[in-house]
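Asker: need a 3D model of the sequence below.
(chains A and B)
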Amino acid sequence: MERDGERIEITISSRFENIELVQVIAEHLCENAGLDEDGSHWIGMAVREAVANAIKHGNRLDVSKKVNATFTLRDYELEIRISDEGDGFDPDKVSDPLNPQNLMKTSGRGIFYMRTFMDAVQYSFNPDGGTSLVMTKNLAKGSGLASSSKL
Amino acid sequence: MKATSHNVNGVEIIKLDGKITIGSGDQQLREVIGNAVTQGNIKILLDMGGVTTIDSSGIGELVGSYTTVANRGGKLKLLHLPAKLNELLHVTQLITVFEVYENEPDALASF
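Answerer: Numbers count the residues shown, from 1 in each chain, chains lettered A, B, ... in the order given. Predicted coordinates for the structure are as follows:
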């Protein structure tokens, strides 16, 4: 893979208008790595949701707090790490949006979309504060839709 | 996000263009639907053909809009769903909630 080992990092302040910057980087990186437009779009969407959560639920819109995004390409696997400076939360407490009781809720679908469009999503919590989310995707699957098998 | 509306036989057709994402369009959608309902429009057809990007916040606002209209005894239906929005509604099973139409005459006849 021509771009194996490539690493891109960006740090943004906690403003919603910065989300698209990170999303665009993710999509371009995927397209440059050979993923098709749809596959790149869905990874970009997962990144958008992760950064939005970091800004809103992690840093609670405190613009002095940063969100860091690191993209690493290794052996056809894209690893995306999104870190915030917030207090953390328990992802297991997020309700299942597919539960009929939750179907008409106006929130709670962001993590579900991340898990749908990525191969793995894992949270870790720094004891000194801050949450890191690591998402991975095997780009060798062509269309990028490990997600499509779930559609 | 830009919203333009016109009324056909009692159905308020609201055309949305642009992004419905967190901090950009999500609250605007709530206001647009809220204003329409306040003005007595409870038959609403949302033309989504011009929506370029939507995220979970935008999807949440669509659900909230549906509920707002339904609580007034009305109906909110969707027209010209972009393929990617269609997929997002499918994976969350919200496609079972919304009535979706591919052309305006069929949509208008359904109210």
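
Asker: OK, contacts around residue B:22?
Answerer: Residue B:22 sits next to A:16, A:19, A:52, A:56, B:55-58 when contact means C-beta atoms under 8 Å, 6 or more residues apart in numbering or on different chains. Where C-beta positions appear, they are placed from N, C-alpha and C, glycine not excepted.

Asker: same thing with residue A:66?
Answerer: Counting by C-beta under 8 Å, 6+ apart, the residues that residue A:66 touches are A:11-14, A:59, A:84-85.

Asker: just checking, what packs against whichever helix in chain A runs longest?
Answerer: The longest helix of chain A (DSSP state H) is helix A:37-53. Helix A:37-53 makes packing contacts with helix A:19-32, strand A:66-74, strand A:77-83, helix A:110-117, strand A:131-138, helix B:56-71 when contacts are defined by 3 or more C-beta pairs under 8 Å, 6 or more residues apart in numbering or on different chains; DSSP states H and E.

Asker: related to what we said a few turns ago, can you tell me which of the contacts of residue A:66 is nearest residue B:12?
Answerer: Each of the contacts of residue A:66 was scored against residue B:12 by C-beta to C-beta, and residue A:14 proved nearest at 36.7 Å.

Asker: that closest one: neighbouring residues, count only.
Answerer: 22 (other C-beta atoms under 10 Å in any protein chain shown).

Asker: would you check that it makes contact with residue A:68?
Answerer: No. Counting by C-beta atoms under 8 Å, residue A:14 sits too far from residue A:68 to count as a contact (11.3 Å).

Asker: overlap in contacts, those two.
Answerer: The contact sets of residue A:14 and residue A:68 overlap at residue A:84 (C-beta under 8 Å, 6+ apart).

Asker: gap between residue A:103 and residue B:96?
Answerer: Between residue A:103 and residue B:96 the distance is 8 Å, computed by C-beta to C-beta, to the nearest Å.

Asker: please say which of those two ends up with more neighbours.
Answerer: The residue with more neighbours, out of residue A:103 and residue B:96, is residue A:103; 14 against 10, by other C-beta under 10 Å.

Asker: and the closest residue to residue A:57 other than its chain neighbours, how many neighbours?
Answerer: Computed as C-beta to C-beta, 6 or more residues apart in numbering or on different chains, the closest residue to residue A:57 that is not its neighbour in sequence is residue A:89, at 6.1 Å. Here the count is done by other C-beta under 10 Å, and residue A:89 has 14 residues near it.

Asker: wait, residue A:89 sits on residue A:56?
Answerer: No. Counting by C-beta under 8 Å, residue A:89 does not reach residue A:56; the two are 11.0 Å apart.

Asker: how about a markdown table for the contacts of residue A:66, with secondary structure, pLDDT and distance to chain B added?
Answerer: Formatted as a markdown table, those follow (DSSP: H, G, I helix; E, B strand; the rest coil; pLDDT from 0 to 100; distance: C-beta to the nearest C-beta, whole Å):
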| residue | secondary structure | pLDDT | distance to chain B |
| --- | --- | --- | --- |
| A:11 | strand | 98 | 19 |
| A:12 | strand | 98 | 13 |
| A:13 | strand | 98 | 13 |
| A:14 | coil | 97 | 11 |
| A:59 | coil | 95 | 14 |
| A:84 | coil | 96 | 15 |
| A:85 | coil | 96 | 19 |
